[in-house]
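# Fold the following, please.
(2 chains)
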Amino acid sequence: MKVDLTSSNPGLESIFKHPDQIITLDANFLIPPDRSKHAKYSFNFPKFKDVWLDPIFKAFPNLAIHEAVYDELVLPSVQFYIDEMFNGTPPRVIVHQDEALSEEEKVLRDSIEERIYPLTKYEPLLDNKEDRGEVKSLAYIAVKELLYFAAHDSNAIQLVEKAEEWTTGLDNVQAIKMYELIYYLYKLDIGDKKALRILYKYQYHLTPKEKQYNPEWGQFISGMDSLYSTVLDEN
Amino acid sequence: MKRLSTAKLAETVKETREEKGLTQEELSNLTGINRIMIGRIERENFIPSITQLEALTNVLDFEITDMFIEKKETNSFIALRSEALSEGEKEGVDRLFEMMLTLRQQILLRRKFENE
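Numbering: from 1, shown residues only, chains lettered A, B, ... in the order given. Predicted coordinates for the structure are as follows:
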């Protein structure tokens, strides 16, 4: 995954101003990343929870997942965590359910899904698990006119960012990347800054190739500071 | 399975807009939909949201459901899967599907990139 420091993301700017907006998460925001092929260490669930999950749920009161993403959470610890969030009073996570769609919305959902799925490994006729969560989430978000899809998957992000060129029907959706929320947490002093640096390094600055095209932590923070100086000053 | 026909929508929006003597700009002002998006709807290049569709139907007097068409699904995947009898065969078929879907995705993505 590439880190883009050339232009600001209007979605992140808006989230800085109004963190209470609904942000729908892809499964890879909830599942501990495993890059043990490239690293000597890995993120087990308790560590990932401390570094990432607890801070994002603290920072954003309206995080959401689609029911298909919930089904992808095969790790019992992750499922338990989301169940706890969902069953809390008030619930700390919104679960988007396709049953909530009206008949007209369902037709629109199917029409958008039809545009997206051929560009993924999901096939509606098989209803296979591969990329199912992202296809279902994106189509639901588009139909319900929710704005943000947070993902750590370059294909899912492209479906949103290239919506016009690729006619995916996702023109009104905005992608939020993991590094953008890492920066958000860092700037607002939510969570452990050292741990956030480790997470950034693990996700974006680990392999020799990533070290070629992605900035190291210090450059990343100063680059993001330049992009978001106006919104930070306003805050 | 019903789908929104972007072709039918494009034709309806363009025809009824012209019948009512509206420019894209005027329709944009009446519906709150950006003029560029109106242009894209008329070029079959944009799927409007339900709210946007409702705004269009209110101004141009047509029904959303008239824009839906019935689409027949081809069931080749299911047919192939039902041919598999044993667990081993099922696993093999699923592996084959996985490879086919990856290949389909790669071919289509490459085409998209080539067209950019």
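
# hmm, who's touching stretch A:139-148?
Contact partners of stretch A:139-148, identified using C-beta atoms under 8 Å, 6 or more residues apart in numbering or on different chains, comprise A:11, A:14-15, A:21-24, A:64, A:66, A:96, A:98, A:101, A:105, A:108-110, A:112-113, A:116, A:149, A:169-170, A:172-176, B:47, B:49-51. Every residue, glycine included, has its C-beta placed from N, CA and C.

# go again using 7 Å as the cut-off
The set of residues external to stretch A:139-148 that reach it, using C-beta atoms under 7 Å, 6 or more residues apart in numbering or on different chains, is A:11, A:21-24, A:66, A:96, A:98, A:101, A:105, A:108-109, A:112-113, A:116, A:149, A:169-170, A:172-174, A:176, B:49-51.

# All the strands of chain B, residue numbers only.
Assigned by DSSP state E, chain B shows strands spanning B:2-4, B:68-70.

# coming back round to it: from the contacts of stretch A:139-148, list just the buried residues.
For the contacts of stretch A:139-148, a burial check counting by 16 or more other C-beta atoms under 10 Å in any protein chain shown picks out A:11, A:22-24, A:66, A:96, A:101, A:105, A:108-109, A:112-113, A:116, A:149, A:169-170, A:172-174, A:176, B:49-50.

# List the ones among the contacts of stretch A:139-148 that fall in strands.
Per DSSP E, the contacts of stretch A:139-148 map to strands at A:Ile23, A:Thr24, A:His66, A:His96, A:Phe149, A:Gln174, A:Ile176.

# mind saving the C-alpha coords of stretch A:78-97 as PDB?
Taking Å, rounded to 0.1, in the frame of the first residue of the first chain, the C-alpha atoms of stretch A:78-97 are listed here in PDB:
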ATOM      1  CA  VAL A  78     -12.300 -10.100  17.200                       C
ATOM      2  CA  GLN A  79     -15.900 -11.300  17.000                       C
ATOM      3  CA  PHE A  80     -16.100 -11.100  20.800                       C
ATOM      4  CA  TYR A  81     -14.700  -7.500  20.700                       C
ATOM      5  CA  ILE A  82     -17.300  -6.400  18.100                       C
ATOM      6  CA  ASP A  83     -20.100  -8.200  19.900                       C
ATOM      7  CA  GLU A  84     -19.200  -6.300  23.100                       C
ATOM      8  CA  MET A  85     -19.200  -3.000  21.100                       C
ATOM      9  CA  PHE A  86     -22.500  -3.800  19.500                       C
ATOM     10  CA  ASN A  87     -24.200  -4.900  22.800                       C
ATOM     11  CA  GLY A  88     -22.900  -2.000  24.800                       C
ATOM     12  CA  THR A  89     -25.200   0.700  26.100                       C
ATOM     13  CA  PRO A  90     -25.300   2.700  23.900                       C
ATOM     14  CA  PRO A  91     -24.000   0.400  21.100                       C
ATOM     15  CA  ARG A  92     -20.500   1.400  20.000                       C
ATOM     16  CA  VAL A  93     -20.700   0.000  16.600                       C
ATOM     17  CA  ILE A  94     -23.400   0.200  13.900                       C
ATOM     18  CA  VAL A  95     -24.000  -3.000  11.900                       C
ATOM     19  CA  HIS A  96     -25.300  -2.300   8.400                       C
ATOM     20  CA  GLN A  97     -27.900  -4.900   7.500                       C
END
